[in-house]
Structure formats: structure tokens, C-alpha cells
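> Here is a sequence together with a model predicted from it:
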Amino acid sequence: MSTASIIANYIEHNRCLGKCFASEETILTAFGRSVGNVPMRNIRPAMISQFLDRNGTSEETVRKKHHVLAGFFRFAVTRRRLRASPMPSYERKHGAASYTPYIYSEAGGYSQRCRRRLVRVPISMRTHCARFCCSCTVPDCVEGKLSASSSKTSIFRNL
């Protein structure tokens, strides 16, 4: 069978299971255009790697494509359209984190606002409130012991 017909069967199968399968369909049709309408047995790991590793593709996109194609080839193997999956091995790249958290400073007045709010909170709840309300490390805020968490929402409504 050709790649296009097996892709169509796989998409139909997943939609019958109740899945939306829209983004997966896009990936699979792009893969079908990339390899052409060739028999499934002629697909090689190099063809799959070429589809996955396009220039400028983010690591998350490569991971998503790999996941979708692995499911597709698993489907083909279980339906006896292939003897073995041609999927190349995939190692997740662990790069530097791109997220830099914003740290509130004393200059922004955030700590002063936190102190004013926490003055109205009972001492036994201040640690709990500091964690969920203002997340500051002011010594006044982190005094006390952690108390029942069920009353945190009622405290914050009144502040």
C-alpha cells in the first residue's frame, strides 16, 4: 500500500476513536508530501530524519513530529503494513533554559505592599500567605507556622 492511503486510514481510525487529530493530520500530510507517494516498505530512517530535522525547527516541534510519526508507524506495524518501524532513535536535547524569571525588587515597592497586606493576617497564617499571596522573602512575612490551607481564600478576599 502507498503511504498516502495508510496515512488516510490512520487519520480515519483516530477520528473514529473520538480524537480531534487536527494537528497530527497536518504533520502526517506534510510527511506524506515530504516522502512522496511511495510504498511504505521503501521509507527509510534517513527520510524520516530529513523530515524531522529541518532548519529552524524548534526542539518541541521535532518532539511532536517524532511522537506523531512513531504512532503512525506503530499503527502500520500492527496492521501488518510493515514488518518493523523505520523510525530513527530520538534523544532529547537538553539545552539551556530559555526562561528567565522576573524577581521583584525592593525598589518596586512590592515588599512594602506585601508587609501592609500581611499585617492584617494572623501570625499563624503569615508563612502560608506569604507563599501564596506575595511570594516575598521579607523576614516579617515568613514568621509563624504553616496553618490550615482551607482558610486562605477567605483571608485574601478581605485584603
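Yes, it's here. Residues are numbered from 1 along each chain as shown.
> In this structure, what helix or strand scores lowest on average pLDDT?
Using mean pLDDT, DSSP states H and E, helix 152-158 stands out as the lowest-scoring helix or strand of the chain, at a mean of 46.
> contacting residues around the helix or strand containing residue 15?
Here residue 15 is covered by helix 3-16, with elements defined by DSSP states H and E. Helix 3-16 is contacted from outside by 21, 24-25, 28-29, 31-32, 35-40, 43, 72, 75-76, 79, 81, using Cβ atoms under 8 Å, 6 or more residues apart in numbering. (C-beta placed from N, C-alpha, C; glycine too.)
> What subset of these is buried?
21, 24-25, 28, 31-32, 35, 40, 43, 72, 75-76, 81 (16 or more other Cβ atoms under 10 Å).
> Among those, which lie within helices?
Residues of the buried ones among the contacts of helix 3-16 located in helices (DSSP state H): 24, 25, 28, 31, 32, 35, 72, 75, 76.
> Surely residue 40 and residue 75 touch.
No. Here residue 40 does not reach residue 75: they are 10.9 Å apart, not a contact under Cβ atoms under 8 Å.
> mind giving me the domain ranges of this protein?
3-78, 106-158 (automatic domain parsing).
> What are the neighbouring residues in contact with the nearest residue to residue 1 once chain neighbours are set aside?
Leaving aside its sequence neighbours, residue 1 sits nearest to residue 81 (Cβ to Cβ, 6 or more residues apart in numbering; 5.9 Å). When contacts are counted by Cβ under 8 Å, 6+ apart, residue 81 touches 1, 6, 40.
> how about CSV for those residues, with distance to residue 52 added?
Converted to CSV, those look like this (distance: Cβ to Cβ, whole Å):
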residue, distance to residue 52
1, 23
6, 19
40, 18
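> residues in contact with stretch 28-36?
3-4, 7, 10-11, 43, 47-48, 50-51, 65, 68-69, 72.
> mind exporting that stretch as PDB, just the C-alpha atoms?
Extracted C-alpha coordinates of stretch 28-36, given in PDB (Å, rounded to 0.1, in the frame of the first residue of the first chain):
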ATOM      1  CA  LEU A  28       1.200  13.400   8.700                       C
ATOM      2  CA  THR A  29       0.100  15.100   5.400                       C
ATOM      3  CA  ALA A  30       3.300  17.100   5.400                       C
ATOM      4  CA  PHE A  31       5.200  13.900   5.900                       C
ATOM      5  CA  GLY A  32       3.300  12.300   3.100                       C
ATOM      6  CA  ARG A  33       4.300  15.200   0.800                       C
ATOM      7  CA  SER A  34       7.900  15.000   2.000                       C
ATOM      8  CA  VAL A  35       8.400  11.400   1.200                       C
ATOM      9  CA  GLY A  36       6.100  11.300  -1.800                       C
END
